[in-house]
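Trainee: Pasted the sequence and its predicted model underneath.
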Amino acid sequence: MKIGCSQRIIKTGNLEENLNHFVNDLMLYADKGVDIVVFPEMWATGFDYKNILEHSRKTEAIIEEVSKKLKNFQLAILSLPENDNNEVYNTIFAVDSSGVIARYRKIFLFSPLKEDVYFKKGDFEISVFTFNSVKISLHTCYEIRFPELFRIAAYNGSQLMIVPAIWPDFKKYHWLTLLRARAIENQTFVVGCNAYEVYNNGKTIKCGHSAVFDPWGESVAYIENVSDLMIAEMDLSKLLEVRQAIPSLKDASGYFKIDKIKSL
């Protein structure tokens with residue numbers, strides 16, 4: 001399975017430019033046979049708080065535009081503001097050529113930057129769904145600091161954990177260490193897709209360091225501070241190899257009770 005991440009510039013509040021930057025990548029991914037396309041957190045709008053409600057009303061049209069451009073074999077992971085009765089959620093949509101097949105509303109919002117003021121917290125509903133016989137779970141940025149979310153997903157069958165983010169470069173060691181840790185402890189593949197830079201009110205926030213780690217914690221793909229595509233090929237048979245060699249998930253399951261979640 002091939003997975004791609006668009007590490008591009010996000011211009012806060014500029015939907016037209018952001019859509020051009022990211023949606024144009026879909027053709028490149030199709031030409032390279034990429035199965036799963038991942039865009040960073042809030043890739044279309046950035047955290048444009050003062051206009052976030054208005055932006056959320058355009059999300060359905062953005063999803064439809066992306067869906068129409070996907071090939072039959074492709075899935076796109078899109079972090080966008082979701083409008084539900086004029087309340088806005090930070091939501092990840094899993095989209096194929098037929099439309100939305102799964103979604104996840106961010107549970108842990110980043111209060112130091114007032115995300116919790118402008119977005120509504122998602123209910124405790126972790127999304128695990130199947131695509132091309134692979135169990136996938138969705139997680140968002142700050143949530144890599146909450147290993148419980150990932151462990152629950154692992155106990156519910158997740159083999160591939162996808163994390164769209166806007167994560168600043170000065171905290172890159174946190175980002176890379178936590179992504180690797182989530183891969184090792186859950187014996188899964190973990191994909192962290194970050195923005196390249198974010199332009200916000202005349203300020204530029206450097207990000208970068210998108211990465212894929214395998215169940216051993218080894219790097220499968222990585223790009224530093226550049227605007228580029230990251231494409232990784234994953235051998236899912238490695239999960240079985242790792243879990244047989246070190247049966248930590250199996251050992252833990254006998255001692256810790258994890259409720260089953262609704263799996264799609």
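Mentor: Perfect, thanks for sending it.
Trainee: dump the residue contacts of His78.
Mentor: Wrong residue type there; residue 78 is Leu, not His. Leu78 makes contact with Phe39, Trp43, Ile62, Ile63, Val66, Ile92, Phe93, Ala94, Val95, according to C-beta atoms under 8 Å, 6 or more residues apart in numbering. (Each C-beta comes from the backbone N, C-alpha and C, glycine too.)
Trainee: Tell me if I'm right that the second one and Ile9 touch.
Mentor: Right, the one you point to is Trp43. No: applying C-beta atoms under 8 Å as the test, Trp43 and Ile9 come out as separate, 10.0 Å apart.
Trainee: Mind checking which of the two has more residues around it?
Mentor: Trp43 (25 against 18; other C-beta atoms under 10 Å).
Trainee: Could you check the pLDDT of the more buried one?
Mentor: Model confidence at Trp43, given as pLDDT, is 98.
Trainee: show me the contacts for the closest residue to it other than its chain neighbours.
Mentor: Among residues not flanking Trp43 along the chain, Phe22 sits closest, at 5.5 Å (C-beta to C-beta, 6 or more residues apart in numbering). Neighbour list for Phe22: Ser6, Arg8, Phe39, Trp43, Ala44 [criterion: C-beta under 8 Å, 6+ apart].
Trainee: I'd like those residues as TSV, with secondary structure and distance to Lys238 appended.
Mentor: Converted to TSV, the contacts of Phe22 look like this (DSSP: H, G, I helix; E, B strand; the rest coil; distance: C-beta to C-beta, whole Å):
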residue	secondary structure	distance to Lys238
Ser6	strand	25
Arg8	coil	29
Phe39	coil	25
Trp43	coil	29
Ala44	coil	33
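Trainee: Looking at the residues you listed, spot the one nearest Thr204.
Mentor: The nearest member of the contacts of Phe22 to Thr204, counting by C-beta to C-beta, is Arg8 at 13.7 Å.
Trainee: Does the closest residue to Ile107 other than its chain neighbours belong to a helix, a strand or coil?
Mentor: Distances taken as C-beta to C-beta, 6+ apart place Gly122 nearest to Ile107, at 4.8 Å, with adjacent residues excluded. Put simply, Gly122 is coil when judged by DSSP: H, G, I helix; E, B strand; the rest coil.
Trainee: Dump the contacts of Leu78 into JSON lines; add distance to Gly208 as well.
Mentor: Formatted as JSON lines, these follow (distance: C-beta to C-beta, whole Å):
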{"residue": "Phe39", "distance to Gly208": "15"}
{"residue": "Trp43", "distance to Gly208": "15"}
{"residue": "Ile62", "distance to Gly208": "24"}
{"residue": "Ile63", "distance to Gly208": "26"}
{"residue": "Val66", "distance to Gly208": "23"}
{"residue": "Ile92", "distance to Gly208": "20"}
{"residue": "Phe93", "distance to Gly208": "24"}
{"residue": "Ala94", "distance to Gly208": "24"}
{"residue": "Val95", "distance to Gly208": "25"}
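Trainee: picking that back up, name all residues that make contact with the residue nearest to Ile107.
Mentor: Neighbour list for Gly122: Tyr89, Asn90, Thr91, Tyr104, Arg105, Lys106, Ile107 [criterion: C-beta under 8 Å, 6+ apart].
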